[in-house]
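K.L.:
Predicted structure and sequence below. I'll ask about it afterward.
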Amino acid sequence: MNKIEHIGIAIKDMQQACRTYEKLLGTACYKTEPVESEGVSTAFFKVGQNKIELLASTREDSAIAKFLEKKGEGIHHIAFDVEDIYAEMERLRGEGFTLLNAEPKKGADNKLICFVHPKDSNGVLVELCQEIR
Ligand SMILES: CC[C@H](C(=O)O)C(=O)SCCNC(=O)CCNC(=O)[C@H](O)C(C)(C)COP(=O)(O)OP(=O)(O)OC[C@H]1O[C@@H](n2cnc3c(N)ncnc32)[C@H](O)[C@@H]1OP(=O)(O)O
Ligand SMILES: [Co+2]
């Protein structure tokens, strides 16, 4: 794991949340991107070396919709940047972590991603991200 790639925040209203985070962070959102496969729309903010990813649900059965229903708005996951997502997934399997997808999948912001079940990481949903080179 190289560094925290982004912190994912589940929100209900993307326009309102973008206005809030632009004021809060003092910087504009640099990218918005829908990810059909996840049933979300995303908005990214750069804060120094770090990124904030706002996530709104675009489908009732999405993970974000379920999270919002159950827990409301708030921090949804922590994403870590990895060199080689395949190797990292193999390593985590070997360490007994439950991966939520057998193969990496295409995420937002030009990444391959995979998730670790929060039950194996003290209740924190962890995402692995590898830049698609
Ligand atoms: C667009 C891509 C973008 C990117 O960065 O590129 C993304 O980050 S996409 C982000 C949205 N996609 C995902 O989160 C995919 C992975 N998530 C899942 O597969 C599910 O959300 C899962 C398995 C974590 C939970 O599934 P589900 O909600 O259907 O089941 P439960 O509600 O029964 O939850 C089981 C258990 O997990 C707890 N939970 C759920 N979500 C979270 C969370 N974000 N953080 C921590 N814990 C979470 C939930 O409370 C249940 O715990 P329990 O003690 O049994 O109540
Ligand atoms: Co993410």
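P.N.:
That came in fine, so what should we check first? Ligands and ions are numbered 1, 2, ... in the order given.

K.L.:
which one is Asn101 nearest to, not counting chain neighbours?
P.N.:
Leaving aside its chain neighbours, Asn101 sits nearest to Cys114 (5.4 Å; criterion: Cβ to Cβ, 6 or more residues apart in numbering). In this view, the C-beta of every residue, glycine as well, is placed from N, C-alpha and C.

K.L.:
Tell me which residues touch the one you found, please.
P.N.:
Ile85, Met89, Leu99, Leu100, Asn101, Glu103, Pro104, Lys105, Glu127, Leu128 (Cβ atoms under 8 Å, 6 or more residues apart in numbering).

K.L.:
wait, what's in contact with the third one?
P.N.:
Shown in contact with Leu99 (Cβ under 8 Å, 6+ apart): Met89, Leu92, Arg93, Cys114, Phe115, Val116, His117.

K.L.:
Neighbour-wise, which one of the residues you listed leads?
P.N.:
Cys114 (23 neighbours; other Cβ atoms under 10 Å).

K.L.:
Now do it against ligand 2, distance only.
P.N.:
11 Å (Cβ to the ion, to the nearest Å).

K.L.:
quick one: whichever strand or helix holds Gln15 to chain centroid distance?
P.N.:
Element membership for Gln15 (DSSP states H and E) is helix 14-25. Helix 14-25 has its C-alpha centroid displaced from the chain centroid by 18 Å (Cα atoms, centre = their mean, to the nearest Å).

K.L.:
Which of the three states applies to Met89?
P.N.:
Counting by DSSP: H, G, I helix; E, B strand; the rest coil, the backbone at Met89 sits in helix.
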